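Participant: Got a sequence here, can you model it:
(one chain, ligands or ions: 2)
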Amino acid sequence: MHDKEYYIDEADFSPEGLEIVSRLHQRFSSRSRQVLCGRNRNVFNMGRYVVKIPKNLDGIADNDWEGSVSNGNDDPHEIRYARTRLAWVEELPIVFMEWVEPATSIEIIQRMGFEPDWVMSVDCGQVGFARDGRLLAYDYGPR
Ligand SMILES: Nc1ncnc2c1ncn2[C@@H]1O[C@H](COP(=O)(O)OP(=O)(O)O)[C@@H](O)[C@H]1O
Ligand SMILES: [Mg+2]
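Facilitator: Numbers count the residues shown, from 1 in each chain. Ligands and ions are numbered 1, 2, ... in the order given. Presented below is the predicted three-dimensional model:
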């Protein structure tokens with residue numbers, strides 16, 4: 001099952017912390033369709049949404065941020081963040097985020113007729129389309 005493989009940066013955690021992180025990974029892995037591995041988070045595909053679990057300390061900072069900022073503007077020329085919920089589970093921040101289908105510049109232009117300037121400001125252009133067609137950033141943690 002290659003699409004369910006993930007790694008945790010074990011050296012970042014205390015033995016107790018590692019146990020908590022591992023347990024959280026197992027819990028969501030068993031219910032997910034697929035795991036998508038990021039630099040700081042392992043992301044479980046739950047269908048309409050994803051669950052982001054920190055795999056290292058930077059992932060904790062990223063989750064804290066992504067789960068806390070939001071904006072609800074309807075203007076495609078302004079940066080838009082995916083909708084999130086933040087849950088603290090045993091002192092770890094877990095992010096629930098709406099599903100965003102990653103899109104390349106070409107796909108964005110094909111669909112919208114232009115590429116908004118803010119896309120360039122998102123690290124590695126990690127943006128895509130939500131189910132309702134909004135173009136959203138899905139990876140905007142500070143680390
Ligand atoms: N909201 C989302 N919808 C669909 N896939 C996502 C979403 N957020 C992240 N992913 C997938 O999970 C991977 C890792 O998530 P990401 O936010 O980039 O974590 P990291 O900051 O640790 O790199 C992404 O490259 C992407 O494939
Ligand atoms: Mg990423």
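Participant: got a list of what the residue lying closest to residue 119 once chain neighbours are set aside touches?
Facilitator: The shortest distance from residue 119 to any non-neighbouring residue, by CB to CB, 6 or more residues apart in numbering, is to residue 127 (5.4 Å). Any C-beta I mention is one placed from the backbone N, CA and C, and that applies to glycine too. Shown here is residue 127, whose contacts under the criterion CB atoms under 8 Å, 6 or more residues apart in numbering are 100, 102-103, 108, 119, 135-138.
Participant: Quickly note the distance from residue 127 to residue 90.
Facilitator: With the distance defined as CB to CB, to the nearest Å, residue 127 ends up 32 Å from residue 90.
Participant: what's near enough to touch whatever residue of the chain ends up closest to ligand 1?
Facilitator: Here the chain gets closest to ligand 1 at one residue, residue 38, 2.4 Å apart by CB to the nearest ligand atom. For residue 38, the contact set (CB under 8 Å, 6+ apart) comprises 52, 55, 59, 139.
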